[in-house]
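>>> Whatever this is, show me its structure:
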Amino acid sequence: MIFEDHEGNLWIPSEGAGLNKYERNKGIFRHYGVIIGPKHKNKGLSNLAVYCVYEDNKNRLWIGTNGGGLNLLDRKTETFTYYRMADGLPNDVIYGILEDQHGNLWISTNNGLCCFNPDSLTYKNFDVTDGLQNNQFSRWAFKKLSTGELLFGGVNGFNLFDPLKVKENSYIPPVYITGLKLFNKKVTIGENSVLKQNIIVTKEIILSHKQNVFSFEFVALNYRQSSKNQYKYKMEGFNDDWIDLGSQREASFTNLNPGKYIFRVKASNNDGVWNEEGASLRLIIRPPWYGTWLFRIVVTLILSGIAYYIYKSRTQKEKEIKKYLENKVKEGEIELQKKMEEIEIHQKALKEKEDAEKELNWFNEGMTRLAEIISKNNNDYIKLGKNLVPALIEYVGASVGSFYVITASDDGQSEFKLAGSFGINPGKIKSSLHLQEGYIGACYKEKTIITVDNLPDNYALMESGLGKVSLKYLILIPLLINNQVNGIIELSSLEKLEPYKIRLLEKLAENMASTIEIINVSNRMQKLLDTMHAHSEEMNAQHEELQQNIEEMQATQEEIERIRLKEKELLARNKELVEQQEAYKELENKYNELLKKYNQMAKKKNK
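Alright, predicted model coming up:
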């Protein structure tokens, strides 16, 4: 990629022949290559393969090489300054260089992205855990937009971001010494223990010469990407130089000589801001009785006497003593080797026991915490999914997840309905699924846990400020009760979950299956109660109508009785008799109709 500087000169990089400059106003070429030899130090490039050239706002010329890091050319002296991994770069393969509004250089490499301040010579490195598309970027794939945003392309897409919005963590984390181990076993506080109080407030620890395998644990209280916290330690009196531990939070020592020491540890946050004061602890290792001055004097006198005796003894006696001592030394070496092997076996057993206890405590704490959420939301699986899924993902260290339950659709067919999700764009997740659809359908059919170790790209994504990362691991856990599936838990992460975490998911699935079944039974009971209530209201209405018909029939009977009495009085009057007979027949017909209606109502009520 040809670059033009502020003077109009053209800089032409090459794959393996160095860098060329073409001065257009003079029409001449100038070549820069690798120059070897003490007399030519910094006179040439650090590598012949040049990938990019960039000029910053102070007209400094920067060259990115393939394996030689970053080169700065001083155009007055024609010398180079080299910046490499040992100085703070994440990698020595430089693909692209861009400058932000504060004069920082953003450098894409073969192992992440670097923000380099050329004035303070400070480095801040970003990797895939910060949201990069991949740790590896590509050649010629970088551009600064008119908005000030920077664009870098790599092997898995590109990252577009505003450098002004990438905030640095300036918090100086406090550092504490949190634990002491003897022979890989944690030391507890006690009367007969070397710790009389919490080690955080302890200023001095005294050990015997036999307690010669120990380690200190420590922590920096920075919770923002705490996995990037860095630690250094030194044991003054043994080694006065700082030893870099990276992100490891434990320093071990073996066989320190008796004496007085000071253990010091310091730490930085995720952006490299160091707590230089750190934490410290005085350590005294007492010598054995045979290491005291009195014993040394006695031994010196005894050895002098033995030397005098040996000097005066015969040569044969000297040989016998020498042979005897050699045998004793061999026996001591064998015994020492046995002891060392026993210690090693003991240390391994203690480590296994400690790991098992940690896993058990983690399991019990998780079951208690998650069971409490289930208990508080055991009447509605939508509330259950909303509250349980985020807590479950956080506890097991997954990235995204969802929770489906089996319900009846509008057409009466069973289907999976989304009850909760976390970390997934709502517009990209289905609210319902067929029972045989996708990985969830396979889990429903097999009725067992299904894991997928290499998911297709873009099947599950984790989004952050610097871009999206494809998740590679998927686990589906069926919720089984009476060998029937009533729901599925689906989790996805960057790395495969450990076996003890999967055991927690299995146990949790049993509790959730029972809870879902209880919710389903409760819903069915409520529907049945609603139906019975409707039927009861209908029966009450029918009873009221029947009562009204009975009253009407009784009134009609009374009317008939009155007509019959009147009929006896009017027997002599033929004309009136005929009229009364016709009225009687009409009323009798009405009575028969009401009686028939009453019988029908009575039969219906009996049914």
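>>> With adjacent residues omitted, what lies nearest to residue 121?
Closest residue in space to residue 121, ignoring its immediate chain neighbours: residue 87 at 7.6 Å, by CB to CB, 6 or more residues apart in numbering. Glycine gets a C-beta too; all of them are placed from N, C-alpha and C.
>>> Return the distance of stretch 229-241 from the chain's centre.
Between the centre of stretch 229-241 and the centre of its chain there are 31 Å (CA atoms, centre = their mean, to the nearest Å).
>>> what does stretch 287-302 give?
Relative to the chain's own centre, stretch 287-302 is displaced by 57 Å; criterion: CA atoms, centre = their mean.
>>> same question, stretch 380-391
The answer for stretch 380-391 is 19 Å, by CA atoms, centre = their mean.
>>> coming back round to it: so who does the residue nearest to residue 121 touch?
Residues near residue 87 by CB atoms under 8 Å, 6 or more residues apart in numbering: 69, 121, 123.
>>> wait, what's in contact with the first one?
By CB under 8 Å, 6+ apart, the contact set of residue 69 is 46, 47, 82, 83, 84, 85, 87, 89, 92, 94.
>>> longest strand anywhere in this protein?
Counting by DSSP state E, the longest strand found in the chain is strand 274-285.
>>> so where do the helices sit in this structure?
293-312, 315-376, 381-396, 438-446, 499-569, 574-606 (DSSP state H).
>>> returning to what we had before: of the contacts of residue 69, which pair is most distant in space?
Distance extremes for the contacts of residue 69: the farthest pair is 47 and 87 at 15.4 Å, using CB to CB.
>>> show me what contacts residue 485?
406, 443, 444, 447, 478, 479.
>>> Not counting sequence-adjacent ones, nearest residue to the third one?
By that I understand residue 444. In space, residue 444 is closest to residue 485, 5.1 Å off (CB to CB, 6+ apart).
>>> top of the contacts of residue 69 by neighbour count?
residue 94 (30 neighbours; other CB atoms under 10 Å).
>>> show me the contacts for it.
51, 52, 64, 65, 66, 69, 70, 107, 108, 109.
>>> you'd agree the second one is up against residue 63?
Yes: assessed by CB atoms under 8 Å, residue 52 is found in contact with residue 63 at 7.5 Å.
>>> Comparing those two, which shows the higher neighbour count?
Higher neighbour count among residue 52 and residue 63: residue 63, with 27 against 23, using other CB under 10 Å.
>>> Identify the bridge partners of the more buried one.
residue 53, residue 71 (DSSP bridges).
>>> gap between it and residue 413?
As judged by CB to CB, to the nearest Å, residue 63 and residue 413 stand 66 Å apart.
>>> Repeat that for residue 476.
In terms of CB to CB, residue 476 sits 22 Å off from residue 413.
>>> Tell me which of those two has more neighbours.
Neighbours per residue (other CB under 10 Å) separate residue 476 from residue 413, with residue 476 holding more: 25 against 9.
>>> Count the residues that sit near residue 77.
By other CB under 10 Å, 9 other residues sit near residue 77.
>>> Between residue 52 and residue 63, which contacts overlap?
residue 13.
>>> how far away is the residue nearest to residue 103 when sequence neighbours are not counted from residue 163?
Spatial nearest neighbour of residue 103, excluding adjacent residues (CB to CB, 6+ apart): residue 57 at 6.2 Å. Computed as CB to CB, the residue 57 to residue 163 distance reads 14 Å.
>>> These two: which is more packed in?
residue 163 (17 against 9).
>>> show me the contacts for that one.
100, 101, 102, 104, 106, 115, 148, 149, 150.
>>> In strands only, show me these.
106, 115, 150.
>>> hang on, the last one packs against residue 165?
What it means is residue 150. No: using CB under 8 Å as the test, residue 150 is too far from residue 165 to be in contact (11.0 Å).
>>> For residue 200, the count of nearby residues, please.
Neighbour tally, residue 200, other CB under 10 Å: 10.
>>> swap that for residue 332, please
Count around residue 332 with other CB under 10 Å applied: 10.
>>> ok, now residue 437?
Around residue 437 there are 14 other residues, counting by other CB under 10 Å.
>>> Just list whatever residues bridge to the residue lying closest to it once chain neighbours are set aside.
With sequence-adjacent residues excluded and distances taken as CB to CB, 6+ apart, residue 437 is closest to residue 416, at 7.7 Å. Beta-bridge pairing for residue 416 (DSSP bridges): residue 406, residue 433.
>>> what sits against residue 416?
Per CB under 8 Å, 6+ apart, neighbours of residue 416: 404, 405, 406, 432, 433, 434, 435, 437, 440, 444, 488.
>>> Out of the helices of the chain, which is the most enclosed?
Mean neighbour count (mean count of other CB atoms under 10 Å) peaks for helix 381-396 among the helices of the chain, with a mean of 19.
>>> out of the contacts of residue 69, which are inside strands?
Short answer: those in strands (DSSP E) are 82, 83, 94.
>>> Now distance to residue 532 and pLDDT too, for these, in CSV please.
Below are the ones in strands among the contacts of residue 69 laid out as CSV (distance: CB to CB, whole Å; pLDDT from 0 to 100):
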residue, distance to residue 532, pLDDT
82, 87, 96
83, 82, 97
94, 78, 97
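>>> For this protein, which helix or strand comes out least confident on mean pLDDT?
strand 461-464 (a mean of 62; mean pLDDT, DSSP states H and E).
>>> Would you mind listing where the stretch 301-450 of the chain has pLDDT under the threshold?
318, 409-410, 412 (pLDDT under 70).
>>> Out of the ones in strands among the contacts of residue 69, which is nearest to residue 397?
For those, the nearest to residue 397 is residue 94 (34.0 Å; CB to CB).
>>> Quick check: closest non-adjacent residue to that closest one.
residue 64 (2.9 Å).
>>> mind listing what the one you found touches?
50, 51, 52, 53, 54, 70, 71, 94, 95, 96, 97, 107.
>>> What sits closest to the fifth one if chain neighbours are left out?
Ranked by CB to CB, 6+ apart and with sequence neighbours excluded, the top spatial neighbour of residue 54 is residue 97, at 3.9 Å.
>>> for residue 408, same thing?
residue 414 (6.0 Å).
>>> From residue 217, how far out is residue 555?
Distance from residue 555 to residue 217, by CB to CB: 99 Å.
>>> circling back to that earlier point, can you pick the most crowded of the contacts of residue 416?
residue 404 (27 neighbours).
>>> Roughly how far does it sit from residue 95?
For residue 404, the distance to residue 95 - CB to CB - is 43 Å.
>>> Equivalent analysis for residue 344, please.
Counting by CB to CB, the gap from residue 344 to residue 95 is 47 Å.
>>> Over to residue 68?
According to CB to CB, residue 68 stands 13 Å off from residue 95.
>>> and if you look at residue 223?
33 Å.
>>> Cool, thanks, signing off.
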